[in-house]
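**Student:** return atomic coordinates for the entry below.
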Amino acid sequence: MKNNFIQRTVTGVFFVTTLLGCTLYSPISFGIIFTLISALTVREFIHLLNNKREDTEANATISMLGGAFLFMSIMAFCMNIADSKVFIPYLAIIIYLIISQLYLKKKDPIVNWAYAIFSQIYVALPFALLNVLAFQSNKETGSIEYNAILPISIFVFIWLNDTGAYCVGTLIGKHRLFERISPKKSWEGSIGGGAIAILSSLAFAYYFSFIPTLAWVGLAIVVVVFGTWGDLSESLLKRQLGVKDSGSILPGHGGLLDRFDSALIAIPAAVIYLHIISTLLQNF
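**Tutor:** Numbers count the residues shown, from 1 in each chain. The predicted structure follows:
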């Protein structure tokens, strides 16, 4: 137990430090780390399905390439260094994933199609949408600026929510949140973790006033709610496949999919929320 705790702690510190450090250092390091994470998480997702479902042979290598290219192409588009033509190679990858099944003579091509394309929607697209949060247009100068705070805030809210939910749930959790999918999660833990994450949004509002305080609070609420659904969705996936962890790349923590499960739903929800808030603020 002690060795496992030490292993989890060391891995967790390294993981958080690397993620935050690369995001804060520069847009280039941000792009490199999340291109790598996107590709490896897609690969893990495909291998998880291929290994646990008979007759499934979705193309992990091409799907991985697609995830990496989607992140880089959306980053280039958001930085205004490429126009919409940058997406053409990605479209070619999607076309290949579909047409290739005509010639590969696999046992269940429809399932292979579904898993390969779903890996792009469920895993690759949310990571790519981090660019929408990170790169913002300066209305005064018309230039594109890199702002690491919004992407970081999403992960901070998720980490605080998860940690708070675990601690509060362990202490006083009695009422199951979603027993059919995740028997250990409780309403008490979920509310406690959410409260901690929402309180932390006030600190973001104090130090980073580029969006109003209420908008920060709303963002934290969105991340907490949709992040919880993201966590439960991955739990449903693993329960259906009969596995405990999605992988073993992070000692003591499982796979990348286990670490980013909440973010895969929270990031798109945050993008939608912030777009709505931006539209409302422009109209008033």
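**Student:** show me where the chain has its helices.
**Tutor:** For the chain, applying DSSP state H gives helices covering 2-25, 27-52, 60-78, 88-99, 101-104, 109-119, 125-128, 130-134, 149-172, 187-207, 213-241, 256-283.
**Student:** can you tell me which of those helices the model trusts least?
**Tutor:** Least confident of these, judged by mean pLDDT, is helix 2-25 with a mean of 82.
**Student:** thinking again about what came up before, could I get the helices of the chain as JSON lines with mean neighbour count and distance to residue 181?
**Tutor:** C-beta coordinates here come from the backbone N, C-alpha and C atoms, glycine included. Compiled in JSON lines, the helices of the chain are given as follows (neighbours: other Cβ atoms under 10 Å; distance: least, Cβ to Cβ, whole Å):
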{"stretch": "helix 2-25", "mean neighbour count": "13", "distance to residue 181": "23"}
{"stretch": "helix 27-52", "mean neighbour count": "20", "distance to residue 181": "17"}
{"stretch": "helix 60-78", "mean neighbour count": "21", "distance to residue 181": "26"}
{"stretch": "helix 88-99", "mean neighbour count": "14", "distance to residue 181": "29"}
{"stretch": "helix 101-104", "mean neighbour count": "12", "distance to residue 181": "31"}
{"stretch": "helix 109-119", "mean neighbour count": "19", "distance to residue 181": "19"}
{"stretch": "helix 125-128", "mean neighbour count": "22", "distance to residue 181": "20"}
{"stretch": "helix 130-134", "mean neighbour count": "23", "distance to residue 181": "26"}
{"stretch": "helix 149-172", "mean neighbour count": "20", "distance to residue 181": "15"}
{"stretch": "helix 187-207", "mean neighbour count": "19", "distance to residue 181": "13"}
{"stretch": "helix 213-241", "mean neighbour count": "20", "distance to residue 181": "5"}
{"stretch": "helix 256-283", "mean neighbour count": "19", "distance to residue 181": "12"}
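**Student:** so for residue 249, which of the ones you listed sits nearest?
**Tutor:** Across those, the minimum distance to residue 249, taken as Cβ to Cβ, is reached by helix 256-283, at 6.0 Å.
**Student:** angle of the closest one against helix 213-241?
**Tutor:** For helix 256-283 against helix 213-241, the angle by axes from the mean of the first three to the mean of the last three Cα atoms, to 10 degrees is 150 degrees.
**Student:** just want the angle from helix 256-283 to helix 27-52.
**Tutor:** Going by the same axes, to 10 degrees, helix 256-283 makes 130 degrees with helix 27-52.
**Student:** which secondary structure elements does helix 256-283 sit against?
**Tutor:** Taking 3 or more Cβ pairs under 8 Å, 6 or more residues apart in numbering; DSSP states H and E as contact, the helices and strands that helix 256-283 lies on are helix 27-52, helix 125-128, helix 130-134, helix 149-172, helix 213-241.
**Student:** tell me how far the closest residue in space to residue 87 that isn't next to it in sequence lies from residue 242.
**Tutor:** If the residues on either side of it in the chain are set aside, residue 87 comes closest to residue 73, at 5.4 Å by Cβ to Cβ, 6 or more residues apart in numbering. Going from residue 73 to residue 242 by Cβ to Cβ, to the nearest Å gives 36 Å.
**Student:** circling back to that earlier point, so can I have JSON lines of the helices and strands packed on helix 256-283 showing distance to residue 280?
**Tutor:** Conversion of those to JSON lines gives the following (distance: least, Cβ to Cβ, whole Å):
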{"stretch": "helix 27-52", "distance to residue 280": "28"}
{"stretch": "helix 125-128", "distance to residue 280": "24"}
{"stretch": "helix 130-134", "distance to residue 280": "18"}
{"stretch": "helix 149-172", "distance to residue 280": "17"}
{"stretch": "helix 213-241", "distance to residue 280": "9"}
